[in-house]
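A.B. asks: Got a predicted structure here, sequence first:
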Amino acid sequence: MSVIHVSHNFTCDRDIRELGEDHPELKRVEWAYRIYERALERAARKVHSARATASVMLLGEGLADSRHDASFGSTLSLAEDAYGEAMVRPVEVKARAA
C-alpha cells in the first residue's frame with residue numbers, strides 16, 4: 001500500500017493544486033539536503049589531506065549553489081502555502097494484483 005497526496009479544493013488554480021500535492025515530496029528533498037549539508041560540514045572538520053578538503057569544500061559550494069540557482073527555498077515556501085490552500089490530504093492506494 002502506498003500513500004499519494006491529493007488536493008480536495010477544486011476551486012483553486014490547477015498550478016496551486018499541483019504545487020500543494022508536491023509539498024510532501026519537496027519536504028523530503030529538503031530533509032535530504034540538510035543531511036548532506038551536515039555531512040559535508042562534519043567532513044570539512046575531519047578530513048586532513050589538501051585534496052580531500054578541496055573536494056569537500058567544492059561539493060558543499062556546489063550543493064549550495066544548485067539549491068540557490070533552483071530557487072528551492074522559495075519553491076518550498078510556495079508549496080507549503082499551496083498545500084494549505086489546496087486542502088491536500090494523504091490518500092492510501094492499494095496495489096493492484098498482478
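C.D. replies: Arrived safely. Numbering: from 1, shown residues only.
A.B. asks: As a check, name the ranges of all helices in this structure.
C.D. replies: 14-46, 50-69, 72-85 (DSSP state H).
A.B. asks: ok now do the residue nearest the centre of the chain, which residues does it touch?
C.D. replies: Nearest to the geometric centre of the chain sits Val29, at 2.5 Å (CA atoms, centre = their mean). For Val29, the contact set (CB atoms under 8 Å, 6 or more residues apart in numbering) comprises Phe72. Quick note: C-beta positions are derived from backbone N, CA and C, even for glycine.
A.B. asks: cool, and Glu92?
C.D. replies: By CB under 8 Å, 6+ apart, the neighbours of Glu92 are Met1, Ser2, Val3.
A.B. asks: Including distance to Val91 and mean pLDDT, could the helices of the chain go into CSV?
C.D. replies: CSV is the format used below for the helices of the chain (distance: least, CB to CB, whole Å; pLDDT from 0 to 100):
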stretch, distance to Val91, mean pLDDT
helix 14-46, 10, 95
helix 50-69, 30, 94
helix 72-85, 14, 94
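A.B. asks: Pick the most deeply packed of these.
C.D. replies: helix 72-85 (a mean of 16; mean count of other CB atoms under 10 Å).
A.B. asks: elements contacting that one?
C.D. replies: helix 14-46 (3 or more CB pairs under 8 Å, 6 or more residues apart in numbering; DSSP states H and E).
A.B. asks: now with 10 Å?
C.D. replies: strand 2-7, helix 14-46, strand 88-93 (3 or more CB pairs under 10 Å, 6 or more residues apart in numbering; DSSP states H and E).
A.B. asks: Name all residues that make contact with Pro90.
C.D. replies: Val3, Ile4, His5, Val6, Pro24 (CB atoms under 10 Å, 6 or more residues apart in numbering).
A.B. asks: thought Asn9 was touching Glu21?
C.D. replies: No - with contacts counted by CB atoms under 10 Å, Asn9 stays clear of Glu21, the gap being 11.1 Å.
A.B. asks: Give me the common contacts of the two.
C.D. replies: Ala82, Ala86, Val88.
A.B. asks: Sweet, I'm off.
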